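*Asks:* Pasted the sequence and its predicted model underneath.
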Amino acid sequence: MDEAISNILKKLDPEEQYKPCGHEEDPSKKKRKVEGGGSAKKSGAGSVPTPNAATGTRRKRNLTRKQVHDLLEKYGVCDVDLVCPCLKEGIRKGHIQLSPHDGLDTVVVTDTCLMCENEIIATVHNVLYQGDIGLDYESGVPDSKVRCSNCDNSCGYYVVDMCTGYPKIDTGKSYSHCTFCSAFGCCVGDFRLAHCSTCNRHYFAEGGAVCSNCYPA
Ligand SMILES: [Zn+2]
Ligand SMILES: [Zn+2]
Ligand SMILES: [Zn+2]
Ligand SMILES: [Zn+2]
Ligand SMILES: [Zn+2]
Ligand SMILES: [Zn+2]
């Protein structure tokens, strides 16, 4: 491994400790994971986190936010603050391990097109600037770099749940990655959900509603 990169990974930063927000334990998330291995998919290939091809080892400790930013800069990303927080959280937790050989071409997920079941491979570079919410799903995600080569005039896709280690492609309709959660945040699956800073849960905030957990009806 490149020495500069291994130095970044070695650095300890005890001040940066994150309390897990616990949303990965949501039963609804678990259900979605199981659904990912459904009959339309090829042997659930989309659910396999990318192993570290270069070293064959898996990192045990989570990285800090600074380490993730340093890593991305080492791989040539200029404005790390604009990089997709879902991707950054996936890297931080070790679900996505940038291989020194492939760099930004490291594969994030191999999944099937939602229209034709053609294989779609998404790299780190493809999802780098996909943001944290898929609101442009109605217009076909025009700026997406994740597209099917088989479908004519195909819609662009988002890659969701990189932060949980179960990445998959999505039209963007269920892409909402909450950045108010721990570290770089976590996917909540619905853009109408807001983060409550009091109870640390998500609630439907449409029409200016208040947290249903803190203020039961
Ligand atoms: Zn397709
Ligand atoms: Zn680029
Ligand atoms: Zn969370
Ligand atoms: Zn949140
Ligand atoms: Zn996410
Ligand atoms: Zn609340």
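*Replies:* Here it is on my side, so go on. Ligands and ions are numbered 1, 2, ... in the order given.
*Asks:* Residues of the chain that sit close to ligand 6?
*Replies:* By C-beta under 5 Å from the ion, the residues of the chain that approach ligand 6 are 196, 198-199, 211, 213-214. Quick note: C-beta positions are derived from backbone N, CA and C, even for glycine.
*Asks:* Just the buried subset of those, please.
*Replies:* Neighbour counting with 16 or more other C-beta atoms under 10 Å marks 196, 211 as buried within those.
*Asks:* want to throw the residues of the chain next to ligand 6 into JSON lines with pLDDT and distance to ligand 5?
*Replies:* Converted to JSON lines, these look like this (pLDDT from 0 to 100; distance: C-beta to the ion, whole Å):
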{"residue": "C196", "pLDDT": "95", "distance to ligand 5": "18"}
{"residue": "T198", "pLDDT": "94", "distance to ligand 5": "22"}
{"residue": "C199", "pLDDT": "93", "distance to ligand 5": "20"}
{"residue": "C211", "pLDDT": "94", "distance to ligand 5": "21"}
{"residue": "N213", "pLDDT": "91", "distance to ligand 5": "21"}
{"residue": "C214", "pLDDT": "94", "distance to ligand 5": "24"}
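*Asks:* wait, L98 sits on G90?
*Replies:* No: the criterion here is C-beta atoms under 8 Å, and L98 misses it with G90 at 10.5 Å.
*Asks:* Between the two, tell me which one has more neighbours.
*Replies:* Looking at L98 and G90 with other C-beta atoms under 10 Å, you find the greater number of neighbours at G90, namely 30 against 21.
*Asks:* any idea which of the residues of the chain next to ligand 6 is closest to V77?
*Replies:* For V77, the closest of the residues of the chain next to ligand 6 turns out to be C196, at 32.1 Å, with distances computed as C-beta to C-beta.
*Asks:* just to revisit the earlier point, quick one: which of the residues of the chain next to ligand 6 is nearest to ligand 1?
*Replies:* Nearest to ligand 1 out of those is C196 (C-beta to the ion; 38.5 Å).
*Asks:* can you pull the contacts of the closest one?
*Replies:* Listed by C-beta atoms under 8 Å, 6 or more residues apart in numbering, the contact partners of C196 are 202-203, 211, 213-214.
*Asks:* Please repeat the previous calculation with a cut-off of 7 Å.
*Replies:* Shown here is C196, whose contacts under the criterion C-beta atoms under 7 Å, 6 or more residues apart in numbering are 203, 211, 213-214.
*Asks:* That one and S212: what is the separation?
*Replies:* C196 sits at a distance of 9 Å from S212 (criterion: C-beta to C-beta, to the nearest Å).
*Asks:* Name the residues contacting each of these two.
*Replies:* Y203.
*Asks:* Tell me the spacing between the nearest residue to D2 once chain neighbours are set aside and L9.
*Replies:* Closest residue in space to D2, ignoring its immediate chain neighbours: P100 at 5.1 Å, by C-beta to C-beta, 6 or more residues apart in numbering. For P100, the distance to L9 equals 11 Å [C-beta to C-beta].
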